[in-house]
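A.B. asks: Here is the input, now give the coordinates:
(one chain, ligands or ions: 2)
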Amino acid sequence: MTNFVTYNDVPDLNALIQEGLNAKHNPFADQALGHNKTIGLIFFNSSLRTRMSTQKAAQNLGMNVITMNVGQDSWGLEMEEGVVMNGDKAEHVKEAAAVVGKYCDIVAVRAFAGLKDREKDYSEVVMSQFQKYAGVPVVNLESATRHPLQSLADCITIEEFRVKQRPKVVLTWLPHFKPLPQAVANSFSEWMNHMDVDFVITHPEGYELAPEFVGNARVIHNQNEAFEGADFIYGKNWSSYQQYGQVLTQDPSWMVTMDKMRLTDNGKFMHCLPVRRNMKVTDEVLDSPQSIVIEQAANREWSAQAVLKGVLQGL
Ligand SMILES: NCCC[C@H](NC(=O)CCC(=O)O)C(=O)O
Ligand SMILES: NC(=O)OP(=O)(O)O
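C.D. replies: Ligands and ions are numbered 1, 2, ... in the order given. Okay, the predicted model is just below:
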């Protein structure tokens, strides 16, 4: 792999899932591969899982890790070309990405959607500027429109927990008072379209995801109907794509409860985390054996390790 930014960078999904499972069973088998190689983890936004799991995965592969929180540790970065830099951004990504690329063999970047300008977010300005100027492979740690390391961990988790050949997987919108990006939902949908699953998306009217991410998913606006017979419930809040970045409803009836889980076929509850308890999903669900959110988060390490191994092999 030369980059890991979108699903299109994946040469073979089943092979990558298998790599993740291999790493889980034998974490230190490829320690020599990353010897004397350095990865830079560049964060424009907060993180718990992505930061720790990617660092751990890189260390399992024998790599050195440098982490940078842009704007806190480093200078604020200008992304636009040709502007007069008389604002609060002291450095341009042209120099910053190029310099980071001199210190690091792989650059990994987290930069969420601003949720103000849809065209700008969906053109993936930050990720593409890093790809343009870093001069080394770039890994997506959650960008404006996608979170592929999460989606790969989700695929690994579904592979581990599925009890049917072709499970029913339901992506459900959850209520939240803050406008959140569509990245996790987009990405999950994009990856589920490549898995052998019966994939359903349920959300209130007005929360349709961009068609290129929905793909062949069945969209059902009645959440209870969507949940019937499901093997996996994947919860996530996202703000509107049509009325870009807006919170159109906070309808608490969309929260996942035990009553709703009873509509499933003993379905498992998944969420990328962080999750707000009793707003998006009840304590009862999260604390029940049906919740696999911790196992899912644990698989972030193996997802990152499979990806970094692929990128290291391509250096
Ligand atoms: N990386 C996992 C999700 C990150 C982000 N969630 C958040 O910002 C939640 C913040 C809050 O609940 O206040 C998102 O939705 O893309
Ligand atoms: N799921 C996820 O990406 O978590 P963090 O935002 O904590 O990294």
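A.B. asks: Does the residue of the chain found nearest ligand 1 lie in a helix or a strand, and which?
C.D. replies: Closest contact between the chain and ligand 1, by CB to the nearest ligand atom, is at residue 180 (3.8 Å). To be clear about C-beta, it is placed using only N, CA and C from the backbone, and glycine gets the same treatment. For residue 180, there is no helix or strand it lies in under DSSP states H and E.
A.B. asks: residue contacts, the nearest residue in space to it that is not next to it in sequence?
C.D. replies: Among residues not flanking residue 180 along the chain, residue 237 sits closest, at 5.1 Å (CB to CB, 6 or more residues apart in numbering). When contacts are counted by CB atoms under 8 Å, 6 or more residues apart in numbering, residue 237 touches 173, 174, 175, 176, 180, 280.
A.B. asks: and of those, the nearest to residue 309?
C.D. replies: Closest to residue 309 out of the contacts of residue 237 is residue 180 (30.8 Å), distances taken as CB to CB.
A.B. asks: Could you list the contact residues of the stretch 101-250 of the chain toward ligand 2?
C.D. replies: Within the stretch 101-250 of the chain, the positions adjacent to ligand 2 are 142, 150 by CB under 6 Å from any ligand atom.
A.B. asks: In contact with the most centrally placed residue in the chain, which residues are there?
C.D. replies: Centroid-nearest residue in the chain, with CA atoms, centre = their mean: residue 147, separated by 2.4 Å. Residues in contact with residue 147, defined by CB under 8 Å, 6+ apart, are 140, 183, 184, 187, 272.
A.B. asks: what do you get for residue 206?
C.D. replies: With CB under 8 Å, 6+ apart, residue 206 has these contacts: 240, 242, 243, 248, 249.
A.B. asks: Tell me which of the contacts of residue 237 fall in helices.
C.D. replies: Taking DSSP state H, every one of the contacts of residue 237 sits outside helices.
A.B. asks: Please flag which of those sit within strands.
C.D. replies: Counting by DSSP state E, the part of these found in strands is residue 173.
A.B. asks: Is it possible to get TSV of the contacts of residue 237 that adds pLDDT?
C.D. replies: Below are those laid out as TSV (pLDDT from 0 to 100):
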residue	pLDDT
173	98
174	98
175	98
176	98
180	98
280	98
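A.B. asks: tell me which element residue 285 falls in.
C.D. replies: In the assignment (DSSP H and E), residue 285 maps to helix 283-286.
A.B. asks: residues of that helix that come out buried?
C.D. replies: 285, 286 (16 or more other CB atoms under 10 Å).
A.B. asks: What are the boundaries of the strands in this structure?
C.D. replies: Under the criterion DSSP E, strands of the chain are mapped to 38-43, 64-69, 77-78, 91-92, 106-110, 138-140, 168-173, 198-202, 218-219, 232-236, 268-270.
A.B. asks: Contacts for the third one next, please.
C.D. replies: The reference is to strand 77-78. Contacts for strand 77-78 (CB under 8 Å, 6+ apart): 70, 71, 85, 87, 89, 91, 92, 93, 96.
A.B. asks: Only the buried residues of the longest helix along the chain, if you could.
C.D. replies: Longest helix in the chain, counting residues (DSSP H): helix 293-313. By neighbour count on 16+ other CB under 10 Å, the buried set for helix 293-313 is 293, 296-312.
A.B. asks: That one relative to strand 38-43, how many degrees between them?
C.D. replies: Angle of helix 293-313 versus strand 38-43, following axes from the mean of the first three to the mean of the last three CA atoms, to 10 degrees, is 130 degrees.
A.B. asks: any idea how far residue 305 is from residue 26?
C.D. replies: To residue 305, residue 26 is 10 Å away according to CB to CB, to the nearest Å.
A.B. asks: about what we covered before: quick one: which of the contacts of strand 77-78 is most hemmed in?
C.D. replies: residue 96 (24 neighbours; other CB atoms under 10 Å).
A.B. asks: Quick check: closest non-adjacent residue to that residue.
C.D. replies: Nearest in space to residue 96, with sequence neighbours left out and distances taken as CB to CB, 6+ apart, is residue 77 at 5.3 Å.
A.B. asks: Kindly report the same for residue 274.
C.D. replies: Nearest non-adjacent residue to residue 274 (CB to CB, 6+ apart): residue 48, at 7.0 Å.
A.B. asks: what's the pLDDT at the one you found?
C.D. replies: At residue 48, the model reports a pLDDT of 98.
A.B. asks: Surely it is in contact with residue 272?
C.D. replies: No. Judged on CB atoms under 8 Å, residue 48 makes no contact with residue 272 at a distance of 11.1 Å.
A.B. asks: which one of those two has more residues nearby?
C.D. replies: residue 272 (25 against 11).
A.B. asks: how near is the more buried one to residue 138?
C.D. replies: Applying CB to CB, the value for residue 272 to residue 138 is 21 Å.
A.B. asks: likewise residue 235?
C.D. replies: Using CB to CB, one gets 29 Å for the distance from residue 235 to residue 138.
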